[in-house]
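**Q** the following block contains a protein sequence and its predicted model.
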Amino acid sequence: MPTPVPVPQSTIKHTALEDAQGLATGAIMCTMGVVLLTHLGLITGQTAGLAVVIAYLMDRSFGLVFFVINIPFYLFAIKAMGWEFTLKSLGCVAALSIGTELVPLGFAIERLDPALGAVMFGVVTGIGLLAIFRHKGSLGGLGVLAIWIQDRFGIRAGYIQLGFDALLFTVAAFLFPLSVVMYSLLGAVVLNGLIAFNHRRDWYIPR
């Protein structure tokens, strides 16, 4: 049986339809992950986690806060990553913001163990982010910086995000019960572990 010939990365190019379905799938999976997390009263890391903390302190909607705090990062994304990446990221952030408001209206969770829910969040959201990253998008915020640093300096995006999460959860420990922080940290470790292991420039990452 003949050995498959690897396709050079320079020739790999997603069509507009492939990008649309990939980004939509990723946004839906991330939305489901956030819905699981908020149902349990847990928090996530990265910019979404920061939005959860701010929404909690200010008694505001997560979707609104998440969208607003991402705005400054778009200016950086335009300069560092280009318009295509920025517009795709903006679309994904908008989809997540809207989705987290609408999905609970048609989706009810009767029972979910916190440890299981945290792991499910990490897996579902991690796979969703991989889909978004591989179609040249992000969920804004720290994800933009993490992808840029990985592309520029070779430091895995998952490790960068995990470092930020450690700081975020340290702050969260003063605001939330310890059990909430620990379960939340479990989800963040699973999520960032998936990103660190699977989002690699030397693998299938179309440009």
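**A** Cool, got the structure. In this text the structure is predicted, and so the values were computed from the model without any measurement. Numbers count the residues shown, from 1 in each chain.

**Q** low-scoring stretches of this structure, by residue?
**A** 1-12, 199-207 (pLDDT under 70).

**Q** all strands of it, in order?
**A** Ranges of strands in the chain, per DSSP state E: none exist.

**Q** helices along that one, start to end?
**A** Along the chain, counting by DSSP state H, helices occupy 16-40, 46-58, 62-80, 83-106, 114-134, 142-153, 157-172, 178-198.

**Q** from the centroid of the chain, which residue is nearest?
**A** What sits nearest the mean C-alpha location of the chain, by CA atoms, centre = their mean, is residue 129, with 4.8 Å.

**Q** re earlier: just the helices of the chain: most buried one?
**A** Across the helices of the chain, averaging neighbours per residue (mean count of other CB atoms under 10 Å) puts helix 114-134 on top, at a mean of 22. Any C-beta I mention is one placed from the backbone N, CA and C, and that applies to glycine too.

**Q** just the CA atoms of it, as PDB, please.
**A** Coordinates of each C-alpha in helix 114-134 appear next as PDB, following Å, rounded to 0.1, in the frame of the first residue of the first chain:
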ATOM      1  CA  PRO A 114     -19.200  19.700  39.600                       C
ATOM      2  CA  ALA A 115     -16.100  17.600  38.900                       C
ATOM      3  CA  LEU A 116     -17.700  16.000  35.800                       C
ATOM      4  CA  GLY A 117     -19.100  19.300  34.600                       C
ATOM      5  CA  ALA A 118     -15.600  21.000  35.000                       C
ATOM      6  CA  VAL A 119     -14.000  18.200  32.900                       C
ATOM      7  CA  MET A 120     -16.800  18.300  30.300                       C
ATOM      8  CA  PHE A 121     -16.400  22.100  30.100                       C
ATOM      9  CA  GLY A 122     -12.600  21.800  29.500                       C
ATOM     10  CA  VAL A 123     -13.000  19.100  26.800                       C
ATOM     11  CA  VAL A 124     -15.900  20.800  24.900                       C
ATOM     12  CA  THR A 125     -14.500  24.300  25.100                       C
ATOM     13  CA  GLY A 126     -11.000  23.100  24.300                       C
ATOM     14  CA  ILE A 127     -12.100  21.300  21.200                       C
ATOM     15  CA  GLY A 128     -14.200  24.300  20.200                       C
ATOM     16  CA  LEU A 129     -11.200  26.700  20.600                       C
ATOM     17  CA  LEU A 130      -9.100  24.300  18.500                       C
ATOM     18  CA  ALA A 131     -11.700  24.500  15.700                       C
ATOM     19  CA  ILE A 132     -11.700  28.300  15.900                       C
ATOM     20  CA  PHE A 133      -7.900  28.600  16.000                       C
ATOM     21  CA  ARG A 134      -7.500  26.300  13.000                       C
END
